[in-house]
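A.B. asks: Give the three-dimensional model of this entry:
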Amino acid sequence: MWKGGQTTTFEVSTTVGAFADLSGAEEMERLTVKLFEEGNSDKQIAQYLTDLGHRSPQKTYVLPTTVQTIRRRHGLLWGGRVNGEIRTHHVAGYFTLQEIAKQLEVPNPWIYTRIYNGTIQIAKDARTGLYVFPEEPATMEKFRELKEGKIQKLRF
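C.D. replies: Numbers count the residues shown, from 1 in each chain. From the prediction side, this is the model:
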């Protein structure tokens, strides 16, 4: 209100710290699931939600990582695409990093950390863009030995 009685109105958007605090969180979740099931990528879903006026916490737009978090919460994995193909949970003849982690009962970052620090030496598969390991009993045995501290390095 101005001196003299005039008023000016303007909208100030405020940020929130958590996804659950967003006013449209439930609708974003519903739309994310629907759009993912229709074959859209995280980036496409994020753009669509942004165009509808949704946003991520601390941002004025929806981040693809927000979409990814929603997908994972609903058990919808592997939304990204590699060379135009939807990634699958399994690569024939190989264990994926996630499959190894699940069998070892360790979080995925346990393996990623060892790849990045050189304890596990492996290159990403050129076709899938994933870390894949030979699907053999010896592979799991070597990982168990690494986990138990019986060996210090693995090379694939």
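
A.B. asks: What is the neighbour count of residue 72?
C.D. replies: Close neighbours of residue 72, defined as other Cβ atoms under 10 Å, add up to 11. Every residue, glycine included, has its C-beta placed from N, CA and C.

A.B. asks: Check residue 124 too.
C.D. replies: Around residue 124 there are 12 residues (other Cβ under 10 Å).

A.B. asks: Could you pull up the residues touching the nearest residue to it once chain neighbours are set aside?
C.D. replies: Excluding the flanking residues, the one nearest residue 124 by Cβ to Cβ, 6 or more residues apart in numbering is residue 131, at 5.7 Å. Listed by Cβ atoms under 8 Å, 6 or more residues apart in numbering, the contact partners of residue 131 are 96-97, 111, 115, 122, 124-125.

A.B. asks: got a winner among these for most neighbours?
C.D. replies: Looking at the contacts of residue 131 with neighbours defined as other Cβ under 10 Å, the largest count falls to residue 111 at 24 neighbours.

A.B. asks: Low-confidence bits of this structure, can you list those?
C.D. replies: Low-confidence segments of the chain (pLDDT under 70): 10-17, 20-21, 78-89.

A.B. asks: All the helices of it, residue numbers only.
C.D. replies: Listed from the start of the chain, the chain has helices (DSSP state H) covering 25-37, 42-51, 64-73, 97-104, 108-116, 137-147.

A.B. asks: My read is that residue 115 contacts residue 124, right?
C.D. replies: No - in this structure, residue 115 is not within contact of residue 124 by Cβ atoms under 8 Å, at 9.5 Å.
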